[in-house]
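Peer 1: Starting from these lines, generate the structure:
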Amino acid sequence: MRLEKLTVLVIALSLVLSAPSTPGYADSEYKFGELTALADKYGTDKGTGSSGHLFTEVYEYFFLPLKYTARKILEIGIAEGASLKMFQDYFPNAGYYGIDIEDSSRLNSDTVKTFVADQSDRKQLKKFIDVHGFNFDIILDDGGHTMEQQQVSFGYLFRYLKPGGYYIIEDVHTSIPEFLPGYGKDKNEANTTLVMINNFIRNGKIKSRYMTAEEKKYLTGNIAYCNLFSRNKGRSITCIFKKM
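Peer 2: Model (predicted):
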């Protein structure tokens, strides 16, 4: 199924949240754009840099109400730790957890815990949960971006969000062969993460060959909503799922 045949849900940011109320500061004191400024400060591609996707412009509307209340944030994909540093500055009261296939223990601290795991291996993901627990406010997948990696991680980890938490799949544009070949796409693209998301938008059900029947049932019954955001002519796509 080609991109032009997909139903893409794009919601104007002004309609996502209006005048968010966040404990810890007066509304007049907050300057929107802080998250993007931090992304650019530390060099993560979530911001406006040379390869920037500007995902932070979207995220800030969702994250602002959690700024002082978030306690646990998990990101898949650590690299040099740029977004780790961004989140540390933005969420002053949270502990940060990172999963990567490479050892990132050099970044560990009192508030940062890294873990070596293959995000497409449920046994390794279980070991992470066994060590670090659950009830995450945000889980963000910026890992390997293959169809299997994105969908296995989503299927397994979503249940470990706290109610009302957000699960984010970044770089969904790896589903589009015109932009990025490879990443485990079938020729007909039926197995792509973008098709999985589109199917949910159309009929409210999660379908994925990479998930167990139990995972698909849990997702279908526990997703409050999903927002799919596309920019840069489809070369930067991120999807935000909220848990009931």
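Peer 1: Tell me the secondary structure of residue 97, please.
Peer 2: strand (DSSP: H, G, I helix; E, B strand; the rest coil).
Peer 1: okay, and for this protein, where does confidence drop off?
Peer 2: Counting by pLDDT under 70, the chain contains low-confidence residues at 1-29, 49-51.
Peer 1: How are the helices of it distributed by residue range?
Peer 2: 13-16, 34-42, 55-63, 82-90, 122-132, 147-157, 193-203, 213-222 (DSSP state H).
Peer 1: Which of the ones you listed has the highest mean neighbour count?
Peer 2: helix 147-157 (a mean of 24; mean count of other Cβ atoms under 10 Å). All C-beta spots, glycine's among them, are computed from the backbone N, C-alpha and C.
Peer 1: Helix 122-132 and that one, what's the angle between them?
Peer 2: Here the directions of helix 147-157 and helix 122-132 differ by 40 degrees (axes from the mean of the first three to the mean of the last three Cα atoms, to 10 degrees).
Peer 1: Which elements pack onto helix 147-157?
Peer 2: For helix 147-157, the packing partners by 3 or more Cβ pairs under 8 Å, 6 or more residues apart in numbering; DSSP states H and E come out as helix 122-132, strand 136-141, strand 161-169, helix 193-203, helix 213-222.
Peer 1: So for the protein, which residue is the most central one in space?
Peer 2: Geometric centre of the chain, nearest residue: residue 168, 2.1 Å, by Cα atoms, centre = their mean.
Peer 1: ok, how many other residues are close to the spatially closest residue to residue 94 that is not a sequence neighbour?
Peer 2: Spatial nearest neighbour of residue 94, excluding adjacent residues (Cβ to Cβ, 6 or more residues apart in numbering): residue 70 at 4.5 Å. When neighbours are counted by other Cβ atoms under 10 Å, residue 70 registers 23.
Peer 1: can you pull the contacts of residue 70?
Peer 2: 63, 91, 93, 94, 137, 138 (Cβ atoms under 8 Å, 6 or more residues apart in numbering).
Peer 1: and it, what are its phi and psi?
Peer 2: Torsion angles at residue 70 (phi, psi; degrees, to the nearest 10) stand at phi -60, psi 140.
Peer 1: Check the gap between it and residue 187 for me.
Peer 2: 41 Å (Cβ to Cβ, to the nearest Å).
Peer 1: Can you tell me how far residue 143 is from residue 117?
Peer 2: Taking Cβ to Cβ, one finds residue 143 at 10 Å from residue 117.
Peer 1: what touches both of the two?
Peer 2: Contacts common to residue 143 and residue 117, judged by Cβ under 8 Å, 6+ apart, are 99, 100, 101.
Peer 1: residues in contact with the last one?
Peer 2: Listed by Cβ under 8 Å, 6+ apart, the contact set of residue 101 reads 116, 117, 118, 119, 143, 144.
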